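*Asks:* Could you work out the structure for the sequence below:
(chains A, B and C)
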Amino acid sequence: METTSPVLPPAILEAGTDMHALLARLFPICRSITGNGVRQTLAIVQEYLPALQLHEVPSGTPALDWQVPAEWNIRDAWVKNAAGERVIDFRQHNLHVVGYSTPVRGWFSRQELDEHLFSLPEQPDLLPYRTSYYQPTWGFCLSHQHRLALQDAYYEVCIDSTIDEQGFLTYGELELPATEAGENPADEVLFSCHCCHPSLANDNLSGLVVAVALAQALAAQPVRRYTYRFVFGPGTIGSIVWLSRNPEATARIRHGLVLTLLGGPGPFTYKQSRRGGAAVDRVVALALRDTAVAHNTRPWLPYGYDERQYCSPGFNLPVGCLSRTPFGEFPEYHTSADNLHFVQPKQLSEARALLLRICGIFEHDQVYRNLRPYGEPQLGRRGLYKGIGGGLEGQEWQMALLWVLSLSDGDHSLVAVAEQANLPFELLHRAAEALAATDLLAPV
Amino acid sequence: METTSPVLPPAILEAGTDMHALLARLFPICRSITGNGVRQTLAIVQEYLPALQLHEVPSGTPALDWQVPAEWNIRDAWVKNAAGERVIDFRQHNLHVVGYSTPVRGWFSRQELDEHLFSLPEQPDLLPYRTSYYQPTWGFCLSHQHRLALQDAYYEVCIDSTIDEQGFLTYGELELPATEAGENPADEVLFSCHCCHPSLANDNLSGLVVAVALAQALAAQPVRRYTYRFVFGPGTIGSIVWLSRNPEATARIRHGLVLTLLGGPGPFTYKQSRRGGAAVDRVVALALRDTAVAHNTRPWLPYGYDERQYCSPGFNLPVGCLSRTPFGEFPEYHTSADNLHFVQPKQLSEARALLLRICGIFEHDQVYRNLRPYGEPQLGRRGLYKGIGGGLEGQEWQMALLWVLSLSDGDHSLVAVAEQANLPFELLHRAAEALAATDLLAPV
Amino acid sequence: METTSPVLPPAILEAGTDMHALLARLFPICRSITGNGVRQTLAIVQEYLPALQLHEVPSGTPALDWQVPAEWNIRDAWVKNAAGERVIDFRQHNLHVVGYSTPVRGWFSRQELDEHLFSLPEQPDLLPYRTSYYQPTWGFCLSHQHRLALQDAYYEVCIDSTIDEQGFLTYGELELPATEAGENPADEVLFSCHCCHPSLANDNLSGLVVAVALAQALAAQPVRRYTYRFVFGPGTIGSIVWLSRNPEATARIRHGLVLTLLGGPGPFTYKQSRRGGAAVDRVVALALRDTAVAHNTRPWLPYGYDERQYCSPGFNLPVGCLSRTPFGEFPEYHTSADNLHFVQPKQLSEARALLLRICGIFEHDQVYRNLRPYGEPQLGRRGLYKGIGGGLEGQEWQMALLWVLSLSDGDHSLVAVAEQANLPFELLHRAAEALAATDLLAPV
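*Replies:* Numbering: from 1, shown residues only, chains lettered A, B, ... in the order given. Here you go, the predicted model:
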């Protein structure tokens, strides 16, 4: 089953406040790896990205070493005391229910109930986020203070959920085709983010709304060298399903990024692809260097988000993971404190800008050849010292011209020039364009 | 002349105290590069390693650029004062005589005698260790205090030694064959240590007793991938003789270590082979990293112990040198303070454990191939998350499984995985074995 | 037009004071990129290097992307006040006139004149050095204090210069041929320095006099493996003209250095060639390491002196730049403070010694082969431990012998041995010669 929404003029997410507003709209939905929460989420995304394709994959479908799981949905859940009062109520916070909880209804002693309760003694005000996808069970999450206050002898429990073996896994996919494709399909850039977490703002609604904003910006560009592909799916099983169904697109991926945890306050963190020295690893390092924000880089680790699947050794795709503070390294992680206050518009906006810079490098990286390579050419005679306006003149501009000429021997891409010259990629790109407008430089 | 001792059940050296006891038994023997001291030493080693082969090579035999020297033996040596009292007495300490001293008997003035005396003014309590293998002379070593006390006008000198051009050079060799050799001889691991020093405990009885203990442990292993070869010979000329007589075994050496100075108190020091990046260099670095002891690594230097011969450019064998504090860098070096107190059981025991860890890596290093390389396989379904007991579970165990799967692309050995993952080799080996017991992994 | 001076016995520049005396003699001449100042300078150089060839290249001659400029000469220049007094006088300092000033004669208001004056407000006592080669204009340089004192309403201005389209560009070239060339021309070493600056001592009379002294020393050597070529020409256009006229010599360059700023007080600075790892880059690094003077190394930058031309990507020659404190990094740079006091004999002498060391490495670097590579050879038997006099004995000498034997496998040159052994090149060269005098070593 593949559907697309009617084509409507979408709202454009450019400002951080716009991204935050979309995030706030998506926040209350109870998502999981399957079910209506994902459908509702992607339907809203489709309002912003009308070309988004929604895919429904039947439960039980084989996917690499896995199978699509049964579809989980939940209508209501509660724990009532003897007085019939809801002392734990799914309607108040969907983190209250352990994800994929099996249906249950009945009276339990306080002690019996306790085995199905999860809280954080060291963060006694916060609800934890828990799931149990592959071991059928049920449970409730609550703050530790809340748990300690449950002092009745018996409680009535209800989880009104369904686990449907005839259900579906839902994911969304957007393709922004290259504008100048020749006979063969264009090389691709993949962006992937997970959409399976319930009311958690940073993990990973932040990645999702930044991806939506990035896709809108790329869709508006008149020229795209690459085809850009966005996958919005549940963590792990979503990327596994996508990989299993798209061998040809997979083979065309030249660069890719998993986007996650982009809304919190920490510095940007880039986790390299399994290859380590792939073009995407160099490009992201360069974009981070050129951006005046705190950041750090980490080597490949076979643990984390969906880069685990894209970089599994059979695929070994050049896919890194871009986040701010990584999972597990901030106290709000996987708790009710990962909320709409934790994610700030400015942080989303910085992430979007960084990704546009990264895509700018993807689009403009190029090997050039110096057409007058014997001695330095006379730049003054060609008016190049004057610069091209917009502040592009003076000593740094001149150094950019000289570096491009010096290293344009057919071996160095502009990324390599930027690395060696320690000058901004964008400046070198402008210098290369100015030189290519004369008789001095040509793309290889 | 090749001899083997009768096969007797040997005492097993496992505890540091056992190794120290053997060392104490060997300590009083007056060893040199040839002669009965070496024979006695190796005969005692044979009690512990009945399969040890003793080799006697005639003086004058050519060996690479050298010749086997004349055999030196000594019965007694003394300096007497006019009263006939022994004021220097070889029977009290065999360091008193310069090794390879020519025979002498006669009266000498105090001044004439002085040219044949060696002491350490800066360590006035200690006897130095001196030899003169290739320049015929005689001499006595004594503490500087002792020397200053010799105030008589004349002394009678006697060195009752023999230098026999018809003698032999003695060395010992133990081969522990690989247990699963096919048609072709197995690859070999070489351990080499010198046994030519008289009453010096660290240099190199420590290397010798640790080698004996290691050989016993390896002999007891039911499976050996490699043939392990132990050479016990005099420094320099011993390894040169062995190399000259064993071209075929030499060609089969895949890893090797010179063992020396393993009983002192300093941190372990690994000197890399001439190749620098040989497998043995990586394996020892890994074993030192995985062992919670102080250590450091040094690059190749064409000076030191018998690695000079094994790594000479014609052979260029992958042979490093494992010690604690290197020669010349501790004040007890080549003095009477290198004694049975300087070497401690705990230090010998740590050295044995480190070498067993090194051999464990030699035995278990292996390139595997992930048989389900597309996406991550479901470990839970195969029960792998449960671990395999013995504390092998939990997060580190899971990371070990993931690292092995991620890097088992046919290019990375387990050593490479351990280096990149920064996880203990032994843990990764266990993880690989657990995975290989399923359908997920196979050795290449 | 090519001319050579009559062959006369030249004065030999060996001491720093001799070099400084030549520098002082050249200092008053008003040089520019063309004209009689260059001719006078090179005629004096010819007194010291009689084999120097002078080349005159007509204005308008194409040279790579450039043309030889018109020839500029100047007889006099002044600014007079209403009283007819010379308030700025070219005869007092030739920095007073902007280089390549067009001729001018007339009365100017103080305000009109001001647009043609150049001073340094932050260094109010110093005259700046200014030129305008490619934008026709005229101007005067003066100290800022001087400028502020010019308070008259009108001034008479005269620049008695000529710009001759039928003129010439002058450069000098010296070839010291290899002494043992075979049928094919020998490989070459290039030294290049600019001679276009007027009364500036460090930039670049220092480079010029050190080059003259170096050429004299090399000319006196009985054996030269390489042909040494010295180019003395105006900056930028000089090297471009030379490159355009000498494709065959260019192709033979194996190592090269631009010599500049060698007389100031700062540490030596080596700027690597564009290749980065060229032999010259390793050799200079080694010579600096072996010399007990402060120094630092910088990577390639497509800005600086004539290495910009030699290292342009079409040529990509192995040419680095040797200086002391680089241009623009000392306050005297391009001012009247770059004078005869700023440059000191000791500094010139150190530069000459360093360059002789560098040339010594060029001459003596060599791959050797150990002829007894199996085991260590007996050095004592061949008398090598005794050393070869001149302090070449003892432990460092022995280590040099061992390192040469260890690494002479046909792959390591002496430079590589010196780098790995961390021993002086000269010591290793002597050790290799001593070994090659026996049966142990031979050049490959």
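*Asks:* for chain A, what's the longest helix?
*Replies:* Taking residue count as the measure and DSSP state H as the definition, the longest helix of chain A comes out as helix A:345-364.
*Asks:* so what secondary structure elements neighbour that helix?
*Replies:* Using 3 or more Cβ pairs under 8 Å, 6 or more residues apart in numbering or on different chains; DSSP states H and E as the contact test, the elements touching helix A:345-364 are helix A:16-26, helix A:207-219, strand A:253-259, helix A:279-290, strand A:319-323, helix A:425-436. For glycine as for every other residue, the C-beta is placed from the backbone atoms N, C-alpha and C.
*Asks:* Beyond the helix or strand in which A:F232 is found, next helix or strand please.
*Replies:* In this structure, A:F232 sits in strand A:227-233 according to DSSP states H and E. Proceeding N to C from strand A:227-233, the next assigned helix or strand is helix A:237-245, under DSSP H and E.
*Asks:* and that following helix, which residues are buried?
*Replies:* Buried residues in helix A:237-245, counting neighbours by 16 or more other Cβ atoms under 10 Å in any protein chain shown, are found at A:I237, A:G238, A:S239, A:I240, A:V241, A:W242, A:L243, A:S244.
*Asks:* Helix, strand, or coil at A:P28?
*Replies:* Going by DSSP: H, G, I helix; E, B strand; the rest coil, the secondary structure assigned to A:P28 is coil.
*Asks:* And for the one 3 residues further on?
*Replies:* Local secondary structure at A:R31 is given as coil here, using three-state DSSP.
*Asks:* tell me the angle of the strand holding A:F232 relative to strand A:253-259?
*Replies:* Interaxial angle of strand A:227-233 relative to strand A:253-259 (axes from the mean of the first three to the mean of the last three Cα atoms, to 10 degrees): 40 degrees.
*Asks:* Look at whatever residue of the stretch 251-400 of chain A ends up closest to chain C and give its secondary structure.
*Replies:* With Cβ to the nearest Cβ as the measure, the residue in the stretch 251-400 of chain A that lies nearest chain C is A:P373; the distance is 3.1 Å. Under three-state DSSP, A:P373 falls in the coil class.
*Asks:* Residues of the stretch 201-350 of chain A that sit close to chain B?
*Replies:* Within the stretch 201-350 of chain A, the positions lying close to chain B (Cβ under 8 Å from any Cβ of the partner chain) are A:236, A:239-240, A:243-244, A:274, A:299-300, A:302-303, A:308-309, A:311-316.
*Asks:* Can you read off the pLDDT for A:V231?
*Replies:* We have a pLDDT of 98 for A:V231.
*Asks:* Send me stretch A:277-292 as PDB with only the CA atoms.
*Replies:* Included here for stretch A:277-292 are C-alpha records, laid out as PDB according to Å, rounded to 0.1, in the frame of the first residue of the first chain:
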ATOM      1  CA  GLY A 277      37.800   8.400   5.800                       C
ATOM      2  CA  ALA A 278      34.700   8.500   3.600                       C
ATOM      3  CA  ALA A 279      33.800  11.700   1.800                       C
ATOM      4  CA  VAL A 280      30.900  12.400   4.100                       C
ATOM      5  CA  ASP A 281      33.300  12.100   7.100                       C
ATOM      6  CA  ARG A 282      35.600  14.800   5.600                       C
ATOM      7  CA  VAL A 283      32.700  17.000   4.400                       C
ATOM      8  CA  VAL A 284      31.000  17.000   7.800                       C
ATOM      9  CA  ALA A 285      34.300  17.700   9.600                       C
ATOM     10  CA  LEU A 286      34.900  20.600   7.200                       C
ATOM     11  CA  ALA A 287      31.400  22.000   7.700                       C
ATOM     12  CA  LEU A 288      31.800  21.800  11.400                       C
ATOM     13  CA  ARG A 289      35.200  23.500  11.200                       C
ATOM     14  CA  ASP A 290      33.800  26.300   9.000                       C
ATOM     15  CA  THR A 291      30.800  26.800  11.400                       C
ATOM     16  CA  ALA A 292      31.600  28.800  14.500                       C
END
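*Asks:* What are the buried residues along that stretch?
*Replies:* Under the neighbour-count rule (16+ other Cβ under 10 Å), stretch A:277-292 has A:278-288, A:290-291 buried.
*Asks:* go on, stretch A:139-154?
*Replies:* Of the residues in stretch A:139-154, those with enough neighbours to count as buried (16+ other Cβ under 10 Å) are A:G139, A:F140, A:C141, A:L142, A:S143, A:H144, A:H146, A:R147, A:L150.
*Asks:* of those residues, closest to A:R225?
*Replies:* Closest to A:R225 out of the buried residues of stretch A:139-154 is A:C141 (46.4 Å), distances taken as Cβ to Cβ.
*Asks:* so that closest one touches A:S101, yeah?
*Replies:* No. Counting by Cβ atoms under 8 Å, A:C141 sits too far from A:S101 to count as a contact (10.2 Å).
*Asks:* What average pLDDT does the longest helix of chain A get?
*Replies:* Helix A:345-364 carries an average pLDDT of 98.
*Asks:* Could you list the buried residues of it?
*Replies:* For helix A:345-364, using 16+ other Cβ under 10 Å, the buried residues are A:345, A:347-355, A:357-364.
*Asks:* Other residues contacting stretch A:16-23?
*Replies:* Stretch A:16-23 is contacted by residues A:11-13, A:44, A:48, A:201, A:205-206, A:208-210, A:212-213, A:263, A:340, A:343-350, A:352 when judged by Cβ atoms under 8 Å, 6 or more residues apart in numbering or on different chains.
*Asks:* out of these, which are buried?
*Replies:* Neighbour counting over those (16+ other Cβ under 10 Å) leaves A:13, A:48, A:201, A:205-206, A:208-210, A:212-213, A:263, A:343-345, A:347-350, A:352 as the buried ones.
*Asks:* CSV for the buried residues of stretch A:277-292, including distance to B:C321 and pLDDT?
*Replies:* As requested, the buried residues of stretch A:277-292 are arranged in CSV below (distance: Cβ to Cβ, whole Å; pLDDT from 0 to 100):
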residue, distance to B:C321, pLDDT
A:A278, 39, 98
A:A279, 43, 98
A:V280, 43, 98
A:D281, 38, 98
A:R282, 40, 98
A:V283, 45, 98
A:V284, 43, 98
A:A285, 40, 98
A:L286, 44, 98
A:A287, 47, 98
A:L288, 44, 98
A:D290, 48, 97
A:T291, 49, 95
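*Asks:* Show me where the stretch 1-150 of chain A dips below the pLDDT cut-off.
*Replies:* Of all residues in the stretch 1-150 of chain A, those with pLDDT under 70 make up the ranges A:1-9.
*Asks:* Which residues outside the helix or strand containing A:Q309 are in contact with it?
*Replies:* Assigned by DSSP H and E, A:Q309 belongs to helix A:307-310. The set of residues that contact helix A:307-310 without belonging to it, under Cβ under 8 Å, 6+ apart, is A:190, A:192, A:236, A:239-240, A:243, A:253, A:256, A:258, A:271, A:273-274, A:302, A:315, A:317, A:319-321, B:375-376, B:402.
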